[in-house]
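In: 3D, please:
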Amino acid sequence: MKYLKNSFILTAISAAVLAICFFPVPSLLKILIPYFIFVPVFYALDKSESTRDFFLIGFTFGLVLFIFLLYWMFLLKIEGVNISIIRLGVFLLVVFVALQYGIGFAIFGLIKRKYRTIWPFIIIFPLTEFWRGLGPSFGFQWGIIPLTQSQSPFFIQYADLIGVYGITFVILFVNYLIYKFLKTRKSGFVYSLAIVIVTIVLYGFLSINLNKGTSTVNVGIIQPNISPYIKHRPAYIAERFHRLEEMSSTIADSGLSLIVWPETASPVYLNYRTDIMKKLFEFVDSTGIPVLTGTPVVDFSEKGPMKYYNGAMMLYPGDSTKIYRKMLPVPFVERMPYADKFAFMKKIDLGEGDYSVGPEYTVFSDGEVKFSVIICFESMFENLSREFVKRGAQFLVNITEDAWFGKTFFSYMHTSFLPIRAIENRRTIVRCANTGISGKIDQWGRLEHGTEIFTKAALCVKIDVLNEKTFYNKYGFYFPEFLLLILLIYLFYPVFRRLYEGRKH
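Out: Numbers count the residues shown, from 1 in each chain. Below is the predicted model:
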């Protein structure tokens, strides 16, 4: 039992140290720590035997990691929302994610007990992260290992080949090589480690000199810094639009092709409020520049109930519009999962919204280039950005409301998904947040013109227009599928071999 106690302690320490890499620590630590912090976990797994022990080690890892990563949600104070419900929801979320890790580790345990080897863990762990991101209702990618590398994207340029889960695989593979060398002292593991490091660096240099745009466009970004606690009050509606228009006017003479306002820039259903739309079109016509704004959307239907969406609306000079309806609403916040499929789910009220799932991938055009919008939480999901680019988007826009994070580092963590999305698809991403961080993430994942949080800012950024599709963009989830195939071959090859030999004899 002593080894088991030590295994839990080592795993908890590893998870806690790994969590530090998501905090604002020096870049060198954020880069290096993930490449060796799993070594104690490999040791714990190597010493464990029962499936129960593997499950508990995985559960401990997930529990400690996400207590660190989600503690801020226990501190949230949102006007009109019962804080006790929020805390209960956060507690259940932490347990839910810990269970996912526990199940992943337990599956590895079953394999290790039969085959007496630990290398399959470098496949199981990325597949666990992949599994965590599946589905719009319960997918939750907060805390995936690649986010620790977003601040130094030079070392993850290969994501345009194997995607975000490929980054996890490479990090786990390096940990495995270090563990095996420490255990066996065989120089072959050092040589393998050197090859991996050299390959990462060479591909980084190669990528920085490629993937350049064919042309550029100028985009304006408005960060109004409006308190989320007052923006929905009727008395402030006119004032907020006045601020947005006033800040936009300061950069309207900068040769802009587009002006972007943040998520919830409009607190009202713009497609329903013709009075407000009329005033906004007067502003758009006066500048001659299309405006993209976050707004809730309501759709009326003669054959069914009204549907509500979180969305984004493009207002063009000449009084025309185009709307994107958010396809991945935040579960338990913007909608109750599966409420549209199971009637009893509609009766559960945790203070969540009643937004529907957007029906289509929308690609906007400003007359010169095509782009798509990812709203807030949607930046976590790699397949959404990939689909937009596959359908013609030449750059992406991320609009968000991060004021709920307060003056914490979690606004920076939320932003850390975007460098990976940019590299995977080799597309520039414009980020517009009500209270920051706003700025531009180029096709190499580098944040430029990044604003401070809880400040007003009006930016003009020049972005590259890109058309080429990356290997990842063309083939998507092939890498986790490839890992799964390798695992299945490894597991079932002995079975088929025995059947074949038995039939032969």
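
In: Pick out the residue closest to the middle of the chain.
Out: For the chain, the residue nearest the mean C-alpha position is M380 (1.8 Å; CA atoms, centre = their mean).

In: Can you give me the distance of it to Y355?
Out: 17 Å (CB to CB, to the nearest Å). C-beta coordinates here come from the backbone N, C-alpha and C atoms, glycine included.

In: a strand runs through L396, doesn't it?
Out: Yes. Assessed by DSSP: H, G, I helix; E, B strand; the rest coil, L396 belongs to a strand.

In: That one touches K370, doesn't it?
Out: No. With contacts counted by CB atoms under 8 Å, L396 stays clear of K370, the gap being 10.5 Å.

In: So which of these two has more stuff around it?
Out: L396 (25 against 17; other CB atoms under 10 Å).

In: Give me the neighbour count for S227.
Out: The burial count for S227: 14, using other CB under 10 Å.

In: Look up phi and psi at it.
Out: phi -60, psi 130 (degrees, to the nearest 10).

In: In this structure it contacts W404, no?
Out: No. S227 lies out of contact with W404 (CB under 8 Å); the separation is 11.2 Å.

In: can you pull the contacts of G104?
Out: Each residue near G104 by CB atoms under 8 Å, 6 or more residues apart in numbering is listed here: G58, I124, F125, L127, T128, W131.

In: Show me those residues that map onto helices.
Out: Judged by DSSP state H, the subset of the contacts of G104 located in helices is G58, I124, F125, L127, T128, W131.

In: which ones are touching the first one?
Out: With contact set as CB under 8 Å, 6+ apart, G58 has these partners: A98, Y101, G102, I103, G104, F105, A106.

In: ok, now which ones touch the residue lying closest to it once chain neighbours are set aside?
Out: Spatial nearest neighbour of G58, chain neighbours left out: F105 (2.6 Å); criterion: CB to CB, 6 or more residues apart in numbering. Each residue near F105 by CB under 8 Å, 6+ apart is listed here: L45, F54, F55, I57, G58, F59, F61, I124.

In: What degree of burial does Y191 show, as a neighbour count?
Out: Counted with other CB under 10 Å, the neighbours of Y191 add up to 12.

In: and it, what helix or strand is that in?
Out: helix 187-208 (DSSP states H and E).

In: Going by neighbour count, list what's buried in that helix.
Out: Within helix 187-208, the residues that qualify as buried are F189, S192, L193, I200, Y203, G204, S207, counting by 16 or more other CB atoms under 10 Å.

In: Show residues contacting that helix.
Out: With CB under 8 Å, 6+ apart, helix 187-208 has contacts from 154-155, 157-158, 160, 170, 173-174, 177-178, 180-181, 444.

In: so what pLDDT did K326 get?
Out: K326 carries a pLDDT value of 95.

In: oh, I was asking about P305
Out: 80.

In: Checking it next. Helix, strand or coil?
Out: The three-state label given to P305 by three-state DSSP is coil.

In: Name the spans of the stretch 401-505 of the chain whose pLDDT lies under the cut-off.
Out: 500-505 (pLDDT under 70).

In: coming back round to it: which of the contacts of G104 has the largest number of neighbours?
Out: Using other CB under 10 Å as the neighbour criterion, G58 leads the contacts of G104 with 28 neighbours.

In: Could you tell me the per-residue confidence at it?
Out: 96.

In: Quick check: the gap between it and L134.
Out: As judged by CB to CB, G58 and L134 stand 18 Å apart.

In: swap in F22?
Out: In terms of CB to CB, F22 sits 22 Å off from L134.

In: Who has more neighbours out of the two?
Out: A side-by-side neighbour count of F22 and L134, using other CB under 10 Å, places F22 first with 22 against 12.

In: close enough to count as contact, the more buried one and G143?
Out: Yes. Counting by CB under 8 Å, F22 touches G143, with 6.9 Å between them.

In: between these two, what contacts are shared?
Out: In contact with both F22 and G143: L69, using CB under 8 Å, 6+ apart.

In: since we're on the closest residue to L45 other than its chain neighbours, how many residues are nearby?
Out: Spatially, and ignoring its direct neighbours in sequence, L45 is nearest to I118 (5.7 Å; CB to CB, 6+ apart). Per other CB under 10 Å, the neighbour tally for I118 reads 19.

In: which residues touch I118?
Out: Contacts of I118 (CB under 8 Å, 6+ apart): F42, L45, D46, K112, Y176.

In: tell me the domain ranges of the protein?
Out: When the chain is parsed with automatic domain parsing, its domains come out as 2-209, 215-469.
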